[in-house]
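# Using only what follows, build the 3D model:
(chains A and B)
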Amino acid sequence: EAGVTQFPSHSVIEKGQTVTLRCDPISGHDNLYWYRRVMGKEIKFLLHFVKESKQDESGMPNNRFLAERTGGTYSTLKVQPAELEDSGVYFCASSLKTGDYGYTFGSGTRLTVV
Amino acid sequence: GNSVTQMEGPVTLSEEAFLTINCTYTATGYPSLFWYVQYPGEGLQLLLKATKADDKGSNKGFEATYRKETTSFHLEKGSVQVSDSAVYFCALSDGKGYSTLTFGKGTMLLVSP
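Model (predicted):
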């Protein structure tokens, strides 16, 4: 079974530019989560999709971040315009059932804003 | 709100040494507790978990016991290997809503031969 795939693995962009991160969950997993780790700090929850619906987006830092999951398959997380404080590692995870602690995480996308 | 505090790293050990990584938490109710591990270049992997007080999670020689009285979930291993070098994250889920995780900052473990 293929795992959770994220790309790009690394991205370096200038402040003010736009970046789009992509996550392909495990096939059949309705639940998809985005988390972020800013350097030296905790991994923080950003949002949760159930299929194509946003179930909880309480962790999204501000309106420069837009997440989508068209058709309930892969998800994208767009940052526009990027700021220096957006630098960090963005993790995606998926699970079969809501409340299922069997998350599978991707390797993450390391975003550097310069 | 919920929070997890774990010891600062890096923790540097020689092979076969005993490992303890401390983790304490703050949460309402009865959270579930987890240890995740991130090996270099890989994603987060669930290492072990405990869902109620006094439960012991174990996997790959690692153990952690859910201590409600001290709000702790310390990770231990009796004899570490070079292959255990990784970043270890303590986390909790309060079981409410949709089971999002609250993580600690992570502790890097470096094991030398």
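# in its sheet, what does the worst-scoring helix or strand of chain A on mean pLDDT sit against?
Every helix and strand of chain A was ranked by mean pLDDT, DSSP states H and E. The lowest is strand A:104-105, at a mean of 90. Its sheet considered, strand A:104-105 pairs with strand A:88-95 (antiparallel) by DSSP bridges.
# who's in contact with the strand it pairs with?
Applying C-beta atoms under 8 Å, 6 or more residues apart in numbering or on different chains, the external contacts of strand A:88-95 come out as A:4, A:6, A:21, A:23, A:25-26, A:29, A:31-39, A:43, A:46, A:75, A:77, A:101-106, A:108-111, B:43-44. Glycine gets a C-beta too; all of them are placed from N, C-alpha and C.
# Narrow the residues you listed to just the buried residues.
Among the contacts of strand A:88-95, those classed as buried by 16 or more other C-beta atoms under 10 Å in any protein chain shown are A:4, A:6, A:21, A:23, A:25-26, A:29, A:31-37, A:43, A:46, A:75, A:77, A:101, A:103-106, A:108-111, B:43-44.
# So residue A:71: helix, strand or coil?
helix (DSSP: H, G, I helix; E, B strand; the rest coil).
# dump the residue contacts of it.
residue A:52.
# Run the angle between the host helix or strand of residue A:112 and strand A:88-95 for me.
Taking DSSP states H and E as the definition, residue A:112 sits inside strand A:109-113. Using axes from the mean of the first three to the mean of the last three C-alpha atoms, to 10 degrees, the inter-axis angle of strand A:109-113 relative to strand A:88-95 is 150 degrees.
# for strand A:109-113, packing partners?
strand A:10-13, strand A:19-24, strand A:88-95 (3 or more C-beta pairs under 8 Å, 6 or more residues apart in numbering or on different chains; DSSP states H and E).
# Please identify the deepest-packed of the ones you listed.
Highest mean neighbour count among the helices and strands packed on strand A:109-113 (mean count of other C-beta atoms under 10 Å in any protein chain shown): strand A:88-95, with a mean of 23.
# got the angle between it and strand A:19-24?
30 degrees.
# any idea of the mean pLDDT in strand A:88-95?
The pLDDT scores in strand A:88-95 average 94.
# repeat for stretch A:52-68
For stretch A:52-68, the per-residue pLDDT averages 94.
# in it, what counts as buried?
A:55, A:56, A:59, A:60, A:65, A:67.
# so who does the last one touch?
Taking C-beta under 8 Å, 6+ apart, we find residue A:67 in contact with A:34, A:46, A:47, A:49, A:54, A:57, A:60, A:75, A:76, A:77, A:78.
# check contacts around the third one.
Right, residue A:47. By C-beta under 8 Å, 6+ apart, the neighbours of residue A:47 are A:33, A:34, A:54, A:56, A:57, A:58, A:59, A:60, A:67.
# Just give me the closest of those to chain B.
residue A:56 (5.7 Å; C-beta to the nearest C-beta).
# is residue B:6 in a bridge, and if so with what?
residue B:23.
# who touches the least confident helix or strand of chain A?
A:3-4, A:26, A:29, A:91-95, B:36, B:43-45.
# go again using 6 Å as the cut-off
Identification of contacts with strand A:104-105 by C-beta atoms under 6 Å, 6 or more residues apart in numbering or on different chains yields A:3, A:4, A:26, A:91, A:93, A:94, B:43, B:44.
# Can you pull the poorly scored residue ranges out of chain B?
Residues of chain B that meet the criterion pLDDT under 70 lie in B:95-99.
# ok, the buried residues of stretch A:52-68 vs residue B:52, which is closest?
residue A:56 (24.5 Å; C-beta to C-beta).
# distance of the spatially closest residue to that closest one that is not a sequence neighbour from residue B:111?
Once flanking residues are discounted, residue A:56 sits nearest to residue A:48: 4.4 Å by C-beta to C-beta, 6 or more residues apart in numbering or on different chains. According to C-beta to C-beta, to the nearest Å, residue A:48 and residue B:111 sit 35 Å apart.
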